[in-house]
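> fold the following, please.
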Amino acid sequence: MKAYVLHAVGDLRYEDIPMPECPSPDWAIVKIKAAGICSSDIPRVFSKGTYHFPTIPGHELAGIVHRVGDEANASWVGRRVGIFPLIPCRQCAQCAEKHYEMCEHYDYVGSRRDGGWAEYVAVPVWNLIALPDDFSFCAAAMLEPLAVALHAIKCGRLQQGADVAIIGTGMIGISAAQWAKLMGAKSVTVIGRHEDKRALVEGCGVSYATTIDRTYPFVLEAVGSETAVNDAIKATAPAGSLVLMGNPAGNIQLQQDVYWRILRKQLSINGTWNSSYDGPNASDWTEAVEAIANGKVSVESLISHAFSQDELPRGLELMAEHRQPYCKIMTIWND
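Predicted structure coming up:
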């Protein structure tokens, strides 16, 4: 099969490799139909690497179940699926409480094990989420960031009628804005640095601004830069809720006066990085599937660029070099 294999930092090769096998009976092989490029994939490929080499990146993925390791799971074969990329250890204290997103010894598709930038990927059957037959593969590949955005809004315990600010104009930030609106926010404003995202954001039914000129009782930071974190703290109203979810691009320091704001405004601060998932049971993922199926959230409108599988490096370079504005970059894999 064809796959993008990361042999070292900056050494991503599109090459022929053997198809994966099911490592145990409760695993499946999925034929990839769509795979997104996450902002976290850029440092994996170009600067920080993955946990070992070689590795196939890609954790935003969807496809059709090709085969299973045990006939007991044969009903999955041929079904459209999304894939929860975190594989919990099921042994730690967090797993015992089904807080799998906080597993202490997790595995992860696309960073700790081979992921979805390939024609086929091996995943546990438990990590498969069944989709309706008419569910778009591109939308399914966006379930992961959409569920992460939903989880972030839940972590902040959004109050009905609250004014909300989302700092960050990536797919997760814009998705979080949509979730906040669905969950009863009085107003939602996405804050970016430039005007190039205004039409995209406003097309999702929320407001857009390039400056912060007031405080909000609920603020979500979805950038991961020192400036964004400082701005988020300043933008949170007294006794307000601040959710930090942006992947840090480097060390983040707080200015003394900004730290004082946390204390004197008695802010409630929550951190989050993933989403809840429990197989076929109710979770952020099942809510995301339902919201897409019922047209409650707009996800495919956030795809700014779509490339064929052999053009995936173009998407990586566009993001790494900021050649043009983008939101979600998607790759479409061959039949």
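> how near is Ala239 to Pro217?
Distance, Ala239 to Pro217, using C-beta to C-beta, to the nearest Å: 8 Å. Heads up, the C-betas are built off the backbone N, CA and C, glycines and all.
> show me which of those two is the more surrounded one.
Between Ala239 and Pro217, Pro217 has the larger neighbour count (other C-beta atoms under 10 Å), namely 20 against 10.
> packing partners of the helix or strand the more buried one falls within?
For Pro217, the host element (DSSP states H and E) is strand 216-221. Packing partners of strand 216-221 (3 or more C-beta pairs under 8 Å, 6 or more residues apart in numbering; DSSP states H and E): strand 163-167, helix 171-182, helix 226-235, strand 236-244.
> what sits up against that strand?
152-153, 156, 158-159, 162-168, 173, 176, 180, 185, 189, 228-229, 231-232, 235-237, 239-246 (C-beta atoms under 8 Å, 6 or more residues apart in numbering).
> show the buried residues in the residues you listed.
152-153, 156, 158, 162-168, 173, 176, 180, 185, 189, 228-229, 231-232, 235-237, 240-246 (16 or more other C-beta atoms under 10 Å).
> most remote residue from the chain's center?
When distances to the mean C-alpha position of the chain are computed (C-alpha atoms, centre = their mean), the maximum falls on Arg264, with 33.0 Å.
> report the secondary structure state of Tyr151.
For the record, residue 151 is His, not Tyr. With DSSP: H, G, I helix; E, B strand; the rest coil as the basis, His151 sits in helix.
> kindly apply the preceding question to Asn270 instead.
Secondary structure, three-state DSSP: Asn270 is strand.
> let me know how buried it is, in neighbour terms.
Residues near Asn270, counting by other C-beta under 10 Å: 15.
> that one reaches Leu158, doesn't it?
No. Between Asn270 and Leu158 there is no contact under C-beta atoms under 8 Å: 11.2 Å.
> how about the helices and strands packed on strand 216-221, which one is nearest Ala199?
helix 171-182 (11.8 Å; C-beta to C-beta).
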